[in-house]
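Undergrad: any chance you can model this:
(4 chains)
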Number of protein chains: 2
Amino acid sequence: MNIKQLSPDVSETQFKQQIFFALSDPGRYKIVQMLYDVGHEMGCGELNQHVEIDKSTMSYHLRTLREAGITTTRTQGREKYVTLNVAKIEAELPGLLENL
Amino acid sequence: MNIKQLSPDVSETQFKQQIFFALSDPGRYKIVQMLYDVGHEMGCGELNQHVEIDKSTMSYHLRTLREAGITTTRTQGREKYVTLNVAKIEAELPGLLENL
DNA sequence: ATAATTGTTTGATATATATAAAACTATAAA
DNA sequence: TTTATAGTTTTATATATATCAAACAATTAT
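TA: Numbers count the residues shown, from 1 in each chain, chains lettered A, B, ... in the order given. From the prediction side, this is the model:
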């Protein structure tokens, strides 16, 4: 039994709770699911084609995910590409993503 | 590849999202964690000793969990006992509980 | 019967959240 | 340089959520 099981770090628990919060919303759930399924980064516009929500709402959800450390964003020209931080999520909640 | 992976049932996704919602709150997170760790039903009062929140707030959270199908409640006399529906949760999100 | 207990419900309240329109920023195209 | 595109931020709004005090219901103890 490792130390993590005896007393999980507050920030670890916090990250888990942020993941749970993110996945409790249908829009964000679809975004995360989509990103995981395609297995690579996606442009915001591309994402928007698959998850039909207003662009400002999409931006709001993407910011939530980004600020929680669940995704990472890369800018190229005027487009932005979103990546799901799979390894980071798997480190805390192994097997979660594949069961969405 | 089974049918579930191709098109997960709406209600399954809904149940998952309810679990995520439940776990996004610190109080409910602790309740679920405690119930999982002890491995058997707990009295509400007993739970309240371990998770320090107002009794009415506790009741509110327990109702949320119960109505989401995450827990089951049994009444005996004037006391109530709460059980975590481990099998049901594991069926949708295997490995989740052990990683809280 | 009266009092103590166990837990729920109601009411009030403060805060958080999701949504979308409109204005805005930055880059690329014409 | 003007226009179009991609995405963000602001503003407004409606709804959801968490919290606790107080009243309540039900059971058990005195």
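
Undergrad: name the helices or strands packed onto the helix or strand where A:Tyr60 lies?
TA: Using DSSP states H and E, A:Tyr60 falls within helix A:55-67. If you count contacts as 3 or more Cβ pairs under 8 Å, 6 or more residues apart in numbering or on different chains; DSSP states H and E, helix A:55-67 packs onto helix A:26-38, helix A:44-50, strand A:71-76, strand A:79-84. C-beta here means a position set from N, CA and C on the backbone, and glycine is covered the same way.

Undergrad: who wins for proximity to DNA strand C among the ones you listed?
TA: Closest to DNA strand C of the helices and strands packed on helix A:55-67 is helix A:26-38 (Cβ to the nearest atom of the strand; 4.4 Å).

Undergrad: point out the residues in chain A that sit beside DNA strand C.
TA: A:21, A:24-28, A:53-54, A:56-57, A:60-61, A:64, A:77-78 (Cβ under 7 Å from any atom of the strand).

Undergrad: tell me how far A:Gly43 lies from A:Leu23.
TA: Per Cβ to Cβ, to the nearest Å, A:Gly43 is found 22 Å from A:Leu23.

Undergrad: more neighbours: these two, which one.
TA: Taking neighbours as other Cβ atoms under 10 Å in any protein chain shown, A:Gly43 and A:Leu23 compare with A:Leu23 leading, 24 against 14.

Undergrad: for the more buried one, which non-adjacent residue is spatially closest?
TA: Excluding the flanking residues, the one nearest A:Leu23 by Cβ to Cβ, 6 or more residues apart in numbering or on different chains is B:Phe20, at 4.2 Å.

Undergrad: okay, buried residues for the helix or strand containing the one you found please.
TA: B:Phe20 belongs to helix B:10-23 when elements are defined using DSSP H and E. Residues B:Thr13, B:Phe15, B:Lys16, B:Gln17, B:Gln18, B:Ile19, B:Phe20, B:Phe21, B:Ala22, B:Leu23 are the ones in helix B:10-23 that count as buried (16 or more other Cβ atoms under 10 Å in any protein chain shown).
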